[in-house]
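Q: with the sequence up front, the predicted model follows.
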Amino acid sequence: MAVINGLDTDSLKNVVDSVKQNWETGRITRSASVEWKGGFKSEATSRQFTAQVDMPCGLCGEDTAISPLEMVLQAYGACLTVGYAMHCAARGIKLQELKINIEGEVDLPGFLGLKAPEHLNMDSLPGYKFIKVDVKMKAEADDKTLQEIHQQVVSTAPVGLTISRPVRVDATLVTN
C-alpha cells in the first residue's frame, strides 16, 4: 500500500477501476437536513456531521457561526483541496503545502427584494456575482506539472461546476 498525501493510492485506484467497470457505481446521492434554531440560526446535518449556521451582526444575525454564503465558499475550497490531494497522489506527487483563499462579491438588494439604483451596477439577483480563488501549492513537481493538475482540478471540481452552471432545483413545501 502506497500512501501519498495521506491517501492510500491503491484504494484510490480501486475506486477509479470500480467506476470504469460499472458506471452505475459512479452515480451517488448526497443529502442534508437543516433545522431552524431561532433568529437566523440553523443547524445543518449530513450523515453524522453537523454545522452551525448564522448571519453576521450587520445582517441582523448574532454572528455565532458561518453564513450560508460562506459555507458555499468553504465547500468549494474543500472540494478543490480534495482534487489537488487526489490528483497529486495519483501521480505520485507529494504535497508540501496547499492553501486556498476564496472570496466572492454578493449584491444584497435582490435577497432583500429591492432594486438597486442603476449607477451602483447591482443586478438585483441574490448570490455571488463572481468568485476569486487563489491557490498556493508547494509540491515535489515542476511548475508545468502543477499547472496541469491545477487545470484538471478546476475543470472537474463538482462544487465549482455546480455553482458555475444552472442546476435544476425542485423545492416543495409541506405545511401542518
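A: Alright, I've got the coordinates. Numbers count the residues shown, from 1 in each chain.
Q: show me the contacts for N101.
A: Going by C-beta atoms under 8 Å, 6 or more residues apart in numbering, N101 touches 133-134, 136. C-beta here means a position set from N, CA and C on the backbone, and glycine is covered the same way.
Q: got it, and I93?
A: By C-beta under 8 Å, 6+ apart, I93 lies in contact with 4, 139-141, 145, 149.
Q: same question for T45.
A: Applying C-beta under 8 Å, 6+ apart, we find T45 in contact with 32-35, 51.
Q: one more pass at 6 Å, please.
A: Counting by C-beta atoms under 6 Å, 6 or more residues apart in numbering, T45 makes contact with S33.
Q: check it and give its pLDDT.
A: Turning to T45, the model gives it a pLDDT of 98.
Q: name the helices or strands packed onto the lengthiest helix in the chain?
A: Criterion DSSP state H: the longest helix present in the chain is helix 68-90. The contact analysis (3 or more C-beta pairs under 6 Å, 6 or more residues apart in numbering; DSSP states H and E) places helix 68-90 against strand 95-106, helix 143-156, helix 158-163.
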